[in-house]
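Visitor: could you work out the structure for the sequence below:
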Amino acid sequence: MELQNQIVKGKIEINDYAPLLSEITTYADNVCKTVLTQDNDKDIKKYRADINKKIKSIEDARKMVKKEYSTPLVEFEDKMKTLKAQLDRAVTYLDTSLNAWEEDRKAKRLEELKEEYKDRPYFEKAFQEKWLNKTATKEEIDKDLELYSLRQSNKMTCMIEVKGSEENLQKLVEYMKQNDIEYRAL
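Guide: Sure thing, here's the model as predicted:
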């Protein structure tokens, strides 16, 4: 499938632009040379109304040409959006299936891991979502579980030592800081 476009460059011309510009420039120059006084305010208002009519005429012509010139672009964009919407619909369909399959795969993987590590009581507490990735290895999971186990045993050992003297408490706090172990005072 290959998208083929045909672009015909448009050209917009104003017939007799130079004489029209000269006429409007002369008119504007004459208005600007007019001496403004309160006595000729009726003439000033007449000039203003005449200029407003000319400006409206110019703006109406500009807007009409712009609308005509833009129509093919708007139609083209609408067609492109329609094509893209069809492809987006197909992508959504594919993604829905892929996501469902991935969720099923992860659920099966979780069940397999639960079965494999059923002898480790802390598996559920130590569980990490990354273990469900396709690239996760048994060695990485074992390492993560071992680290979790060590942290837990360090916490338990520390709790036992805390019941000792103030000196032991100070040593424990220092040890925990050095080993990046969270603690809280009771």
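
Visitor: how about the strands in the protein?
Guide: Defined through DSSP state E, the strands belonging to the chain form an empty list.

Visitor: mind checking the longest helix of it?
Guide: helix 41-116 (DSSP state H).

Visitor: give me the pLDDT value at the closest residue to F76 other than its chain neighbours.
Guide: Nearest in space to F76, with sequence neighbours left out and distances taken as CB to CB, 6 or more residues apart in numbering, is N5 at 7.9 Å. For every residue, glycine as well, the C-beta is placed using N, CA and C. N5 carries a pLDDT value of 74.

Visitor: same check on E77?
Guide: At E77, the model reports a pLDDT of 94.

Visitor: separation between it and S97?
Guide: For E77, the distance to S97 (CB to CB, to the nearest Å) stands at 31 Å.

Visitor: how many residues are close by Y27?
Guide: Residues near Y27, counting by other CB atoms under 10 Å, number 14.

Visitor: the one 10 residues further on too?
Guide: Other residues near T37 come to 9 when the count uses other CB under 10 Å.

Visitor: just V91 next, same as before
Guide: 10.

Visitor: model confidence score at it, please.
Guide: Looking at V91, its pLDDT stands at 96.

Visitor: ditto for M80
Guide: On the pLDDT scale, M80 is placed at 93.

Visitor: what's the end-to-end length of stretch 131-147?
Guide: End-to-end distance for stretch 131-147: 15 Å, by CA to CA, to the nearest Å.

Visitor: likewise for stretch 114-126?
Guide: Per CA to CA, stretch 114-126 runs 12 Å from first to last residue.

Visitor: residues in contact with that stretch?
Guide: Residues outside stretch 114-126 that contact it (CB atoms under 8 Å, 6 or more residues apart in numbering) are 113, 141, 144-145, 148-149, 152.

Visitor: swap in 6 Å and give it another go.
Guide: Identification of contacts with stretch 114-126 by CB atoms under 6 Å, 6 or more residues apart in numbering yields 145, 148.

Visitor: list the buried ones in it?
Guide: Judged by neighbour count (16 or more other CB atoms under 10 Å), stretch 114-126 contains these buried residues: 117, 123, 126.

Visitor: and of those residues, the nearest to T34?
Guide: T34 has its nearest neighbour among the buried residues of stretch 114-126 in A126, at 90.0 Å by CB to CB.

Visitor: how close does the closest one get to D39?
Guide: 96 Å.

Visitor: now swap in D144 and tell me
Guide: Taking CB to CB, one finds D144 at 95 Å from D39.

Visitor: which of those two has more residues huddled nearby?
Guide: A direct count of neighbours by other CB under 10 Å for D144 and D39 places D144 higher, at 16 against 8.

Visitor: how about that one, nearest residue that isn't a chain neighbour?
Guide: Among residues not flanking D144 along the chain, Q128 sits closest, at 6.1 Å (CB to CB, 6+ apart).
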